Structures are given as C-alpha cells and as structure tokens.
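Q: let me see the structure of the following:
(2 chains)
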Amino acid sequence: MNEFVITTKGLTKRYGDFCAVDKLDLNIPRGTICGFLGQNGAGKSTTIKMLLGMVKPSSGTGEILGLDIGDENQSVEIRKRVAYVAEDKRLYDYMTVGQIIKFTRPFFAEWNYSMEERLLDEFRLPTSRKIKSLSKGMRTQLALIVGLCRNAEIIILDEPSEGLDPVNNEKLLKVLVGLAADGKTIFFSSHHVFEVEQIAEHIIMLHNGKLLDNRPLDQLKANYKLIKLLFDDVPNLNPLELKGVKSYVQVDRSVTLFTDNNEEQIIDRLKINNPSSIEVINLNLRDIFLESLKAIENYAA
Amino acid sequence: MFTKPNHQSGIPIYVQIKEQIIHVIEKGVIKPGEQLPSVRTMAEQLVINPNTVMKIYRELEVEGIIEVKHGSGAFVKTKHSGKSKAALVKQGTVVVQKTVQNLLNKGLSVDEIRRIVQAELQNQGEILINL
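A: A predicted model of the protein is given here:
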C-alpha cells in the first residue's frame, strides 16, 4: 500500500553556478495523484526531465518503479513504463490528428482503445486536421491523448492544462481521477493551484530548486493556519521564537501569524499577552503556497 | 444527486461529501439495501480524488451507515437507524469540539461557553420533563 513508485535522494542539477534543482528528496506513493507546484523556473521541468533520463543529474540519485534513473538501460525501461506529456507538447506537425494516433499505437502493446475513443469524443478533436493548424489547446489535448492511451502505470504530466479552456480542463481532470481510480500514479506539475487542489492528494512544492513542502493536501490544510490576534495595547512580541510560527505581520495592535502546526500551544503562549480577540483562519492551497513563499523569502538567511 | 465540493470553504472535502451522502441516506433518496455510486463514478462526477471517496466509504462503514462488499460496491445498511451509540457519541464530540473552538475564536471565554451550554442543557431538560 505504501510502496513508493518515484523516489529521489539529494537529486541535484547544476548549470554552471546556477543550481536548478538542489538536493531534492522525493517519495511518491503508488496510486496517488501528486501535484507538483512551483513558480516559473522553480525547477519542476528539470526535475521531471531528470526522472525520465532526459537531463543528467549533477549529483544525487533517483528511482522509478525501482529502476535507476541514472542508468542508461534502466532509463529505457523507465520510459517504457511511464507515460510523459511534455510541457512543449511537441508533435509531428506534418501529420493529421488521426495519423499521429495511428502512428503511435503500435509502439505500445497496452494501448487503451476505449480511452482513445472517449478522449477523441470528449475533446471533439477533428481527426483529419493537420497538427500544424491546431490551436494551442487542441495540441495539448492531442498530446494528452497520445500520452494517456498508453495505459502506463505512471503518468507524468508537465503543465497538462496549458491552453485548455475551463470546460476542457474539467474534462481532463475527470479523466485523471478516473485513471487514479484504476490505480495509476499521476505526477503532474501545474501553476494552476486550484486544479491541483481539486484532484491531488499529495502536494510537493518547489522553490528555487529546493523542496519547500511535501505532504498530503489534507495535512497541509490541517497544519497551516493564519492566527489573527487583536490587542488593546501595542504588544511587544517576538512570535518567531515560538515553534511553528513561519512568519508574522504586526500592524500596531493587530498581529497575524502564519503557522505550521502547534497552533494550540502558540495560542496558549500568546494568551499571556491578553489579546482581546483570537481568530484562527483556514487557508486554501493557493494561500498556503503564497504564504510559504513569502515566509521563505522574508526569513531566508 | 451529489454536488461538487467547495474547495475554498475551509471544510475538508471529505467532510462535505460525507455529509451529502448521509443527508441523501437520511432522506431516503438512497434506500436501505440500495447501492451507492462506485468510487470511480463518484470521483469522476465530483472531480475529486478517488482515495477521498474511499476514505469516506470506509468511515461510513465504520459508523455502520453503509456496508462495503468487496468487488460489488457500497450498500446502504438496512438498519442504518440503529447507528451505534459509540458512533453517535463520536460524531457529537466532533460537533461540540468545532462549536467550542469556534466560540473561543470569536472571543468567548471557557466560562462563558460553559454557562451557555449549561443553560441550554437545563432548558432542554425542562422541555423533556414538561413533555
């Protein structure tokens, strides 16, 4: 049940002085939908490319399905067993939609014909249209069809919803939860936090190549809170000394803390200062992400 | 029958969906012996993670509301009115915990809350006696 299908240890990629991915430790359990969040340039795509043997790690190791990502032969096996839809959705432009699907099928023994039919129908892709003349959204849809019909046990998607309108985006998310119900593991990067929040159960956040957070969505939401305190007089506090306080903002008599776990003890401790009001605010994933980034930017020493 | 959860509400998704299911069962929309949608159907319809649906079904099973038959699906239990006392107490505890926390957050003190609860219990007690 708790078997990890993707793991990395100290995975690092340096380009000269620039560290794109910095000592990344990941563990992704089988059968989960895992959302990979980070700003542009956080290192998401580089990480994915290292997992798939397309970029050579500078140091560190990684395994997919127990296969070593750094070993040429095992990496070939990884690519057989992992479906990947790249960020740039590169496809043969001179083919039609129908041709590329027909061309791709025989490479994969497990090709899922009913999925192909369903996706073509849902996305309403014209099979006779040349790929060259597809819109950006349609290209994305076609790349997804070619990737998802492979029936691979692990599916890695780099920005899969790019260019999709809300209707087609919802269709994609439905397909993904259906695949997860079949026991597939889905690892997808996105900067659309809302879609990640909608379907992912495990969240990995990356910032400047470093792991910012890595835990189940339920836990993130249960752990991270804003605690807002009001005082009659301007209090003299040093909240960062309290365990669990990630950042705080004080404006005169009002203090807002961003906390990770330990909220009860924090509140107990602050009661010594006689606040006139204490409010604990739940956060959605977007705010957790933004507050975490803010906290690390403020206090990164 | 079921509506998509509100991801921004602060109430966990599984709680929202679980309450919808309990409501539908209590209202007899899905009757004892009848089957709940499969995990897959539920996940696709509500566009939520299938493991969330599984977690809900597992909890409903523990609470004695449904029965999960492996391979064939989840069914509403015939005697769902006979929900165990333990489950009721557990549910009640959660409700009270939330309410108390909420009132504390709003600035009421423990003593103030205790007085409100005591007064209300007394009130209910008198109503019961007068019946």
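Q: thought A:Val21 was touching A:Lys44?
A: No: in this structure A:Val21 lies outside contact range of A:Lys44 using CB atoms under 8 Å: 9.1 Å. The way it works is simple: take the backbone N, C-alpha and C, and place the C-beta from them, glycine included.
Q: which residues of the stretch 1-150 of chain A score low on pLDDT?
A: Residues of the stretch 1-150 of chain A meeting the criterion pLDDT under 70: A:1-2.
Q: what bridges to the residue of it found nearest chain B?
A: Among the residues of the stretch 1-150 of chain A, A:Ile33 lies closest to chain B, at 5.7 Å counting by CB to the nearest CB. A:Ile33 has these beta-bridge partners by DSSP bridges: A:Ile186.
Q: can you pull the pLDDT of the residue most central in space within chain B?
A: In chain B, the residue lying closest to the centroid (CA atoms, centre = their mean) is B:Glu19, at 4.7 Å. We have a pLDDT of 94 for B:Glu19.
Q: name the SS class of it, please.
A: helix (DSSP: H, G, I helix; E, B strand; the rest coil).
Q: which residues touch the residue of the stretch 1-150 of chain A closest to chain B?
A: Listed by CB atoms under 8 Å, 6 or more residues apart in numbering or on different chains, the contact partners of A:Ile33 are A:176-177, A:180, A:185-186, A:188, A:199-202, B:49.
Q: near chain A, which residues of chain B?
A: B:7-8, B:10, B:12, B:14, B:39-40, B:43-44, B:47-52, B:101, B:104-107 (CB under 8 Å from any CB of the partner chain).
Q: helices - which of these land there?
A: B:14, B:39-40, B:43-44, B:50-52, B:101, B:104-105 (DSSP state H).
Q: and the residue nearest to B:Ile113 when sequence neighbours are not counted, how many neighbours?
A: Sequence neighbours aside, B:Leu103 is the residue nearest to B:Ile113 in space, at 5.2 Å (criterion: CB to CB, 6 or more residues apart in numbering or on different chains). Neighbour count of B:Leu103, defined by other CB atoms under 10 Å in any protein chain shown: 16.
Q: circling back to that earlier point, the residue of the stretch 1-150 of chain A closest to chain B and A:Leu285, how far apart?
A: 13 Å (CB to CB, to the nearest Å).
Q: what are the boundaries of the helices in the stretch 151-300 of chain A?
A: A:166-181, A:193-199, A:217-223, A:263-270, A:285-299 (DSSP state H, counting those that start in this stretch).
Q: next, the contact list for residue 3, please.
A: Answering for chain A, as no chain was given. A:29-30.
Q: should've been chain B
A: B:20, B:46.
Q: helix/strand/coil for it?
A: coil.
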